[in-house]
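>>> Provide a 3D model corresponding to the input given below.
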Amino acid sequence: MIHPLPDASAGLGLRRALLEPLRAAPAGAFDFLECAPDNWIGVGGRLGEALQDLSARHPLTCHGLSLSLGGLEPLDEVFLEKTRRFLDRHRAVLYSEHLSSCTGEGHLYDLMPLPFTAESVRHVAARIARVQDVLGRRIAVENVSYYAAHPGHDMDEAEFVLAVLAEAGCDLLLDVNNVYVNAINHGYDARAFLARMPSARIASYHVAGHYDEAEDLKIDTHGAAVKDEVWALLGEAYRLHGVRPTLLERDFNLPPLGELLQELARVRDLQAGATSSSGVHGAAGRG
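As a prediction, the model looks like this:
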C-alpha cells in the first residue's frame with residue numbers, strides 16, 4: 001500500500017548531479033524526492049540503480065514535463081503506459097503535470113500557456129480525465145508561469161484554473177513562485193489569487209527561485225535561491241489553505257546539497273509556524 005505524504009513534509013528535486021549526495025544524506029535530511037519520469041523512463045545502469053535505491057528508501061513524487069495536457073495532438077498513450085509502469089515501480093505517491101501545452105511535435109519541454117476560455121477548459125479537462133484513466137490514479141495539475149497572454153480570453157487565470165479542476169476532477173499542485181511571477185508580470189494581486197484557490201484540491205506546493213529582469217518582469221528560472229517575497233507568499237498559502245507537502249525546486253546552478261538543505265529548513269520552519277498557529281495539521285477544508 002502506498003501511503004500519502006504527511007502534510008508537513010518538505011522535499012527536494014532528484015537531479016542527476018545530486019544523486020550521490022542525496023544517497024549519502026543523513027536520515028531525515030529531506031522527507032521526499034521528486035523526479036520527472038520523462039527524464040528517467042528507460043534509464044538503466046548506474047543511474048537507474050541510484051534511482052531505484054533512492055525510491056526504495058524515500059517517498060517519491062513525480063512531475064511530468066512533456067505530456068502536453070492542453071495540446072492539440074493526440075495524447076501519447078504508449079508514453080502514458082510507460083509512465084504508469086514507472087509510477088507503479090517506484091511507488092510514486094503523487095503524479096503531477098503542467099497546465100500547459102508543449103510546442104512542436106514529439107516530447108518537448110517548452111511549456112506554453114493555454115487560452116483562458118471555456119473551450120480550452122473542456123479540451124484540457126477531457127485530456128486530464130483520459131490521463132487519469134490510463135494511469136489509474138488522480139493527478140494534480142500545476143499552474144504555470146507565462147509571459148504573453150493569448151488573445152480572446154473570456155476568463156482570468158484563477159477562473160480558468162478553478163474551471164479545469166472542477167471539470168476534470170483532478171487536484172492542484174500550487175506553484176507559489178509562478179503565482180508571484182505572474183502577478184508581477186501581468187499586474188494582479190498574488191494574495192488575492194491564492195485566496196481564490198480551492199483548499200480541498202491543493203495536493204502540494206512548489207517553491208522556487210526566479211530572475212529579476214526588471215521591476216515589472218520576473219523570469220521563472222528555478223536556477224537561484226528562493227526570494228523573500230516568495231517565502232512570504234508561501235507562508236500566506238499555508239495560512240489560507242493549510243500546510244501541504246512542499247517541494248523546493250532547483251533545476252540548474254545547483255549549489256552543494258548543504259545549501260539546499262538550509263533552504264529546505266526554511267520550508268519546515270514555515271510549516272511548523274503555520275501548523276502551531278492553526279492548531280491543526282493541515283487545512284480543515286481538505287477532503
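
>>> Does L69 touch H123 like I think?
No. Using C-beta atoms under 8 Å, L69 is not in contact with H123; the gap is 9.4 Å. In short, each C-beta sits where N, CA and C put it, glycine included.

>>> Of the two, which one has the most company?
L69 (26 against 20; other C-beta atoms under 10 Å).

>>> in the chain, which spans are strands?
In the chain, the segments counted as strands under DSSP state E are 10-13, 32-35, 60-63, 94-98, 101-102, 111-112, 140-142, 171-175, 202-208, 210-214, 217-220, 246-249.

>>> mind checking which of the ones you listed is nearest R46?
Closest to R46 of the strands of the chain is strand 32-35 (C-beta to C-beta; 15.9 Å).

>>> Need the residues that contact that closest one.
Contacts with strand 32-35, where a contact means C-beta atoms under 8 Å, 6 or more residues apart in numbering, come from 5, 9, 11-14, 22, 51, 54-55, 58-63, 93, 245, 247.

>>> Just the buried ones from those residues?
The neighbour-count test (16 or more other C-beta atoms under 10 Å) applied to the contacts of strand 32-35 identifies 5, 9, 11-14, 22, 51, 54-55, 58-63, 93, 245, 247 as buried.

>>> quick one: low-confidence ranges for the stretch 101-250 of the chain?
Low-confidence segments of the stretch 101-250 of the chain (pLDDT under 70): 103-110, 210-214, 216-218, 222.

>>> one more time with 80
Across the stretch 101-250 of the chain, the ranges flagged by pLDDT under 80 are 103-111, 147-153, 210-223.

>>> So D171 is in contact with E142, correct?
No. D171 is beyond contact range of E142, at 10.2 Å (criterion: C-beta under 8 Å).

>>> Between these two, tell me which one has more neighbours.
E142 (23 against 19).

>>> Report the beta-bridge partners for that one.
H98, L173 (DSSP bridges).

>>> Against H206, how distant is it?
Distance, E142 to H206, using C-beta to C-beta, to the nearest Å: 7 Å.

>>> can you list residues touching both of the two?
L173, L174, D175, N178.

>>> Mind putting the residues you listed into CSV with distance to S199?
Converted to CSV, these look like this (distance: C-beta to C-beta, whole Å):
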residue, distance to S199
L173, 14
L174, 10
D175, 16
N178, 18
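
>>> Tell me where the stretch 51-200 of the chain has helices.
77-89, 118-135, 157-168, 176-186, 190-196 (DSSP state H, counting those that start in this stretch).

>>> from those, which stretch is densest packed?
helix 176-186 (a mean of 22; mean count of other C-beta atoms under 10 Å).

>>> residues touching D189, list them.
A183.

>>> And G152, by the same measure?
Contacts of G152 (C-beta under 8 Å, 6+ apart): P115, T117.

>>> let's go with 10 Å and repeat that
By C-beta atoms under 10 Å, 6 or more residues apart in numbering, the contact set of G152 is P115, F116, T117, E119.

>>> quick check, nearest of these to L75?
Checking the contacts of G152 one by one against L75 (C-beta to C-beta), the nearest turns out to be E119, at 18.0 Å.

>>> Please tell me how far G71 sits from G64.
13 Å.

>>> coming back round to it: and which of the contacts of G152 is nearest S276?
The closest of the contacts of G152, once distances to S276 are taken by C-beta to C-beta, is F116, at 37.8 Å.

>>> That closest one contacts H186, doesn't it?
No. Under the criterion of C-beta atoms under 10 Å, F116 is not in contact with H186, lying 11.3 Å apart.

>>> any residues in contact with both of those two?
Counting by C-beta under 10 Å, 6+ apart, the common neighbours of F116 and H186 are A149, D156, E157.

>>> Now for F30, how many residues are close by?
Neighbours of F30 using other C-beta under 10 Å come to 23.

>>> same deal with the one 10 residues further on?
By the measure other C-beta under 10 Å, the count of residues near W40 is 17.

>>> Nearest spatial neighbour of it, chain-adjacent residues omitted?
Nearest non-adjacent residue to W40, counting by C-beta to C-beta, 6 or more residues apart in numbering: L51, 6.0 Å away.

>>> Could you check how far the one you found is from P59?
14 Å.

>>> from what I can see A208 touches L260, true?
No. Using C-beta under 10 Å, A208 is not in contact with L260; the gap is 11.7 Å.
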